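Asks: here are the coordinates; sequence isn't available:
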């Protein structure tokens with residue numbers, strides 16, 4: 001009987017230390033299975049085959065679970081998203097909230113939004129201040145205070161207006177938020193997203209600047225030392241480019257290929273990215289989205305500093321996608337040009353998980 005209970009306890013403990021997920025490596029592998037951690041190692045137990053070991057210096061990304069939409073939290077001006085347990089108070093100087101085991105106070109100048117529901121993460125006009133309502137409308141005004149579950153906003157038209165959080169207000173918008181800096185990125189299952197200089201894999205979890213997070217808390221880890229997504233290098237003003245979407249409003253998915261991020265580029269249009277010699281390889285899976293008519297065939301030309309480096313012959317939605325691995329060592333500017341065999345129907349090409357591998 002004692003042995004039986006010991007066996008059950010062992011199984012339960014192992015389950016706590018393992019989670020199903022996907023690991024992408026610097027040498028181009030996509031590994032699926034049960035993920036376990038050891039000091040300096042990520043281990044993957046596939047559905048079939050031997051145990052796989054990936055050292056941390058070969059990691060690009062670990063995806064363990066989809067991150068939940070932020071139900072309540074803060075968006076900081078540097079792009080950090082923090083889930084909070086409870087808002088305590090806020091005014092024009094600071095915001096006090098409960099997170100984890102204690103209370104934290106941040107200067108209000110460091111905060112872009114106070115979010116009370118997922119609706120509060122919706123878009124607003126640049127530079128606008130006020131509150132996002134549950135129906136996604138925007139009420140312009142100047143934030144005054146938060147206390148006792150209510151928010152006060154001063155409006156030119158309506159004067160001082162008090163509204164209940166969640167039922168009447170989904171978010172307070174104070175100022176624009178930037179993008180997270182390029183580097184190690186950690187996403188948690190509660191919607192938190194943060195950059196971290198410290199990223200150490202240990203048996204008990206992943207150590208970051210804030211603290212050690214266990215597998216049961218983690219949703220995704222992106223490692224700065226390995227690669228950077230094309231999506232993160234595209235300037236916000238770039239035209240004819242979409243992330244995780246397509247001009248035809250169909251899913252950015254390719255036949256027989258899976259990925260986490262996608263970039264769509266209109267045929268006949270080019271996209272130029274500054275690399276400044278910081279990368280050695282450009283890797284991506286490219287093709288036409290599955291739901292597009294097979295008559296449409298689109299290819300891609302990759303050029304570096306005005307010289308053609310690689311060419312993907314035009315493919316249709318029923319062709320196997322092309323796999324790119326382009327040497328970009330020393331390239332200062334990289335240009336991607338989508339080409340169509342049918343100019344009357346220019347179409348677009350989808351780049352699935354387009355990554356730049358950094359110099360060693």
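Replies: Perfect, I can see it now. Remember, predicted model here, so these are calculated numbers, not experimental data. Residues are numbered from 1 along each chain as shown.
Asks: Isn't residue 58 up against residue 31?
Replies: No - between residue 58 and residue 31 there is no contact under CB atoms under 8 Å: 10.7 Å. The C-beta positions use only the backbone N, C-alpha and C, and glycine is treated the same way.
Asks: Quickly list what's touching both of those two.
Replies: The contact sets of residue 58 and residue 31 overlap at residue 25 (CB atoms under 8 Å, 6 or more residues apart in numbering).
Asks: element containing the residue nearest to residue 30 when sequence neighbours are not counted, please.
Replies: Spatially, and ignoring its direct neighbours in sequence, residue 30 is nearest to residue 24 (5.5 Å; CB to CB, 6 or more residues apart in numbering). Assigned by DSSP states H and E, residue 24 belongs to strand 18-25.
Asks: Which elements pack onto that strand?
Replies: Contacts defined by 3 or more CB pairs under 8 Å, 6 or more residues apart in numbering; DSSP states H and E place strand 18-25 against strand 30-38, strand 41-45, strand 59-63.
Asks: Throw the ones you listed into TSV and include mean neighbour count and distance to residue 313, thanks.
Replies: Putting the helices and strands packed on strand 18-25 into TSV (neighbours: other CB atoms under 10 Å; distance: least, CB to CB, whole Å) gives the following:
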stretch	mean neighbour count	distance to residue 313
strand 30-38	17	24
strand 41-45	18	34
strand 59-63	23	27
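Asks: For these, give me a markdown table that also has mean pLDDT and distance to residue 359.
Replies: Formatted as a markdown table, these follow (pLDDT from 0 to 100; distance: least, CB to CB, whole Å):
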| stretch | mean pLDDT | distance to residue 359 |
| --- | --- | --- |
| strand 30-38 | 89 | 23 |
| strand 41-45 | 92 | 23 |
| strand 59-63 | 84 | 15 |
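Asks: I'd like those strands written out as a markdown table, with distance to residue 215 added.
Replies: Below are the helices and strands packed on strand 18-25 laid out as a markdown table (distance: least, CB to CB, whole Å):
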| stretch | distance to residue 215 |
| --- | --- |
| strand 30-38 | 7 |
| strand 41-45 | 10 |
| strand 59-63 | 10 |
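Asks: Residue 233: which of these is closest?
Replies: Nearest to residue 233 among these is strand 59-63; the distance by CB to CB comes to 15.1 Å.
Asks: Before I go, just wanted to say thanks for your time.
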